[in-house]
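1. here are the coordinates; sequence isn't available:
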């Protein structure tokens, strides 16, 4: 019997255009913004931004902060403005077409206590096949701040080394006309990656308000992230119960349990409403949250006691053994064909003056240039 | 074949003579009395048959030989059915027969004489083939011309009592129906009458009777040898037009065997969904929608006790083992006043009466389950027992589902039914029903619910005591306990491992009376009490590492008291009405704690301003109201009638479901401070007509309008599982549905079957005070189970007496769907923008099944009977879509369709009994 669940072509029926307000106000500098755009057809890829709106935030003391448009649809206050713990804020938006939107007053909660960030080498039941996925699960423990609220939205940043075993060590230097050592060699780069999507957690329903073993990211054993040094920076946003509920509903609106348990889909009501037409849908949420930040660096080999030895050779490299004459390079008679000089073969690296025939090992870009994956710039906080 | 069909065995059981008198200490057996009498009056000689004397006792004071001969013999025989004829010194006793001689005519000149040739001397030796038999009932000495008498008795067949036999007198037209014990009572004018006995499973018999006085008539109807497996819808015949009851569908389990079964499992509920006005939410779903009603608005009764979850394995199979079911009556409107508690329907399921005559075993071997049923008398014929059990035993089903979203590691279910029946005395019967069902399965990865193991069970225990107070009054006391519980657990991450369990207990008692005032008037009255205790959920940690806190949502308790009274009155042969009232008083009881929400604010955790506590037993909330039920029937011409029905129903137990299927994780809640009772009013009118000679085709058209108050619905994304403040997610609004149902049934001949078409609509309006309580702008919109067009037909063609082929067709409009009409990005995630709720539909559904039933033998006296059933479900392999859902994957909105059985499913089942 064939599979019961098959793709179904989503036929584009009517398209609704509604304003989407993605707004965030925190206690951290530079993290205040309001993004205004419109919902768009399933066929399109880019939204239409809502430019020319009047955006401001009022606190419960009556202080007014203006958000100005820094790029189309993207509004920010003066960079010195930060939210204060315990204050309540209300967002007001007046769009170019004259519609007025007003949020409820939202309190800025005290930021989370990050207790620990850690990783475990383990196997998880696979979601896509009958087998298991082996890799490192990164987990987070958060201690409760008070008895009332244990809801968090997570953002995180991953920084990791890109290690290429055949990263190019030599290059032709046109100035000295020598095949010389690279500084630095292209075998070590760094990559920075921001989290995507809504990641939320709650400790509601536990013996205490502590979040324990919250699985933030799982990285399979054969991924590049875990070959070298890896660091995880997390930013839990301590959000209100209503915001947590909204995000949770939003996630469910976009996911499916395979139909038997599906919940009712439909428009979600957030904390912003259209003053001109209270029944008109307003998408998005005005998030007011206390945010803290912490990171942990995991050195290469962290999980070797658990039996995890990362595989350094992730890609098959079609290397070429070739005789390189510097004069040919200089004359433009040598075609590198987008390959990089890894090393001389079979000898040690030496400086080759002009006029010699040298047998070299050429490697393709994916094996020879770590900049293909990241940048040579080391994260500042790693030192 | 016709001769075989009409090979009727109607036997009139000898009225048991001993039943006529009570045995007291002052009694003396008639034989002894006669002996003493002969001793006292030596010249007198009595002549009689000894079997007439068996068990007959008389009062000692009636032995008075000192009186004059005539007088002393009359006193002696007082109260018995014996008459005498004095021929000199010879006293000739006669059983229930008067010998009319000219001088007696003079004495009784105003009475129509009864002549000897009309008097039946042969009644005790009825010939089975003699259809011109006249049966005498009652005592001729009590015969009064112009008065009426009541006949009561039991109708049995080889399989035990026959329920639902339609008993009709020709002139004047009076009718009755036998109850689940095969018992009936009918009041007729004294004298000659002609009674017809019709039922689903037996051959129709017409009997002439001579009614003298109140008396018993036990009737043995023979099963139609061919009907045993095949002529299954010969059913109602004239009942469809003459019965007052409208919106009633009776389903005999034998009907089940001929409709191609899903995976070879005979399913009585699934057959019910092939009748007009009944819709199944989807394939592999137990959610049944009746006349635009929600799936939880159906009351499933097993011997009058509620069964809460009526399916195995997500509704792929009915929880009722068809072979243990005696009859299913489905009421869609005009629900009798004795039933209440759900809005849309009553599925009145009676277990099979155990065979009183002989031991019988029935074994069914199917691809999915196997079952065994044992029944028979124990210790004489007073008590009989039926026991059946069914269990999954093969991997067949697992293999079928291995690629689907419910692809699982293990699944199992089983159920047991026990039924006993004891004839305590002539006037008392006692029966016990016990039922247990269990389901267990694992779901591979259900990220949303995070549950991986599921199990649920149903328990029902019921006892009923029936007492015949007198010929006109029947009383019944019923006690019952129903329980539904489930357990779900998650154990993937040890620190997050937990169990969630839920239970619902219902304790029920009912005292019911059935009073036959006369042949035109019948009262039913009584009181039903139900006590509920319900735990909407308890979450507990699983394993020592778990950090999950043990938490229980307060148990809900309530008591529902409902007295009822109804009367059936036949104004004339043409017009009959039935009216009733049920008054439901529902009190929620403490202990309990309820949130108080800030006025003018949406109900949510942030608007809680306090709580209110209730002590144990304190009434925390109360609702009550009358439920009027009315129906009337008017015969127009021959073979046609018009019926009108109105009914109000109230519902205080609510199943919170917003998914397509009834899932075991759905939660029951009771009415209370935050949940108002659901109230429905339904008005329906129907026209019933039989065409072509001898009721060859029955046709009907019924139309209805239903208005519902406080229909339960939900906010978008409502969290129903383990929600301590369910009121924050719940909405109640007005519902309305209407429709028209057309039905044609041909029940005789080589070609039989039925054909139904229903046009129906069902809407709800959710127009609350807060933005989150308004759905679709506060206008009426289609419910999730609105299917405008629904067509089905079942056609049986009998090739030979042993081979029958069945064709089953189902067409239905697709159910409403909330569809993506755009997308938007928010917090670096892509999101679906949905249309108004239920604005679109999934494609329509069409399925064809075929089945072939082969009887190995149809000899009645053969030691074992066996049959083979081959069936192919969805023979066209049509890819019917059960549901469509959408997901955002890598920023793309992807649609998926789920079809449960996209390929033909052949099955084979072997049944034998001995």
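-> In hand now; what should we look at? A quick note: this is a predicted structure, and the numbers were derived from the prediction, not measured. Numbers count the residues shown, from 1 in each chain, chains lettered A, B, ... in the order given.
2. C-terminal to the helix or strand where residue A:215 lies, what's the next element?
-> Take DSSP states H and E as the rule and residue A:215 turns out to sit in strand A:211-220. As assigned by DSSP H and E, the chain's next helix or strand after strand A:211-220 is strand A:230-238.
3. next, the buried residues of that next one.
-> A:230-238 (16 or more other CB atoms under 10 Å in any protein chain shown). Every residue, glycine included, has its C-beta placed from N, CA and C.
4. check whether the strand holding residue A:215 comes near chain B.
-> Yes - residues of strand A:211-220 are located near chain B by CB under 8 Å from any CB of the partner chain, namely A:212-213, A:215.
5. that strand pairs with which strands?
-> strand A:132-143 (antiparallel) (DSSP bridges).
6. what angle do the following helix or strand past the strand it pairs with and strand A:132-143 make?
-> For strand A:132-143, the succeeding helix or strand toward the C-terminus, using DSSP H and E, is strand A:151-163. With axes from the mean of the first three to the mean of the last three CA atoms, to 10 degrees defining the directions, strand A:151-163 sits at 130 degrees from strand A:132-143.
7. got the angle for strand A:151-163 vs strand A:230-238?
-> Using the same axes, to 10 degrees: strand A:151-163 against strand A:230-238 is 170 degrees.
8. what's strand A:151-163 packed up against?
-> Applying 3 or more CB pairs under 8 Å, 6 or more residues apart in numbering or on different chains; DSSP states H and E, one finds that strand A:151-163 makes contact with strand A:188-194, strand A:199-202, strand A:211-220, strand A:230-238, helix A:241-254.
9. can you redo the ones you listed as a markdown table with mean pLDDT?
-> Formatted as a markdown table, the helices and strands packed on strand A:151-163 follow (pLDDT from 0 to 100):
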| stretch | mean pLDDT |
| --- | --- |
| strand A:188-194 | 94 |
| strand A:199-202 | 91 |
| strand A:211-220 | 91 |
| strand A:230-238 | 96 |
| helix A:241-254 | 88 |
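10. just put these in TSV and tack on distance to residue B:840.
-> Below are those laid out as TSV (distance: least, CB to CB, whole Å):
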stretch	distance to residue B:840
strand A:188-194	36
strand A:199-202	30
strand A:211-220	36
strand A:230-238	36
helix A:241-254	16
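11. deepest-packed of these, please.
-> strand A:230-238 (a mean of 24; mean count of other CB atoms under 10 Å in any protein chain shown).
12. please determine whether it lies in contact with chain B.
-> No - Strand A:230-238 stays clear of chain B (CB under 8 Å from any CB), getting no nearer than 9.9 Å.
13. quick check: next helix or strand after the host helix or strand of residue B:135?
-> Using DSSP H and E, residue B:135 sits within strand B:134-137. Downstream of strand B:134-137, the next assigned helix or strand under DSSP H and E is strand B:148-157.
14. now that following strand, how far from the centre of its chain.
-> 23 Å (CA atoms, centre = their mean, to the nearest Å).
15. next one: stretch B:510-520
-> On CA atoms, centre = their mean, the centre of stretch B:510-520 falls 20 Å from that of its chain.
16. pLDDT (mean, whole number) over it?
-> Mean pLDDT, stretch B:510-520: 90.
17. which residues touch that stretch?
-> Residues outside stretch B:510-520 that contact it (CB atoms under 8 Å, 6 or more residues apart in numbering or on different chains) are B:148, B:150, B:172, B:174, B:185-189, B:304, B:338, B:471-478, B:522-529, B:569-571.
18. give the buried residues for that stretch.
-> B:510, B:512, B:514-516, B:519-520.
19. what of stretch B:570-587?
-> B:570, B:576-584, B:586-587.
20. got the buried residues for stretch B:698-716?
-> Buried, per 16+ other CB under 10 Å, within stretch B:698-716: B:698-704, B:706-716.
21. got the residues of the stretch 51-200 of chain A near chain B?
-> Within the stretch 51-200 of chain A, the positions near chain B by CB under 8 Å from any CB are A:125, A:127, A:153, A:194-198.
22. repeat that for 10 Å
-> Contact residues (CB under 10 Å from any CB of the partner chain) of the stretch 51-200 of chain A with chain B: A:104, A:124-128, A:130, A:137, A:139, A:153, A:155, A:194-200.
23. now those residues: which count as buried?
-> A:104, A:137, A:139, A:153, A:155, A:195, A:198-200.
24. which member of the buried residues of stretch B:570-587 is positioned nearest residue B:442?
-> For the buried residues of stretch B:570-587, the minimum distance to residue B:442 (CB to CB) is 38.2 Å, reached by residue B:586.
25. can you tell me the SS state at the closest one?
-> Of the three states, residue B:586 takes strand according to DSSP: H, G, I helix; E, B strand; the rest coil.
26. remind me which helix or strand residue 46 belongs to.
-> No chain in the question, so chain A it is. With DSSP H and E as the test, residue A:46 turns up in no helix or strand.
27. I was after chain B.
-> Applying DSSP H and E, one finds residue B:46 within strand B:45-47.
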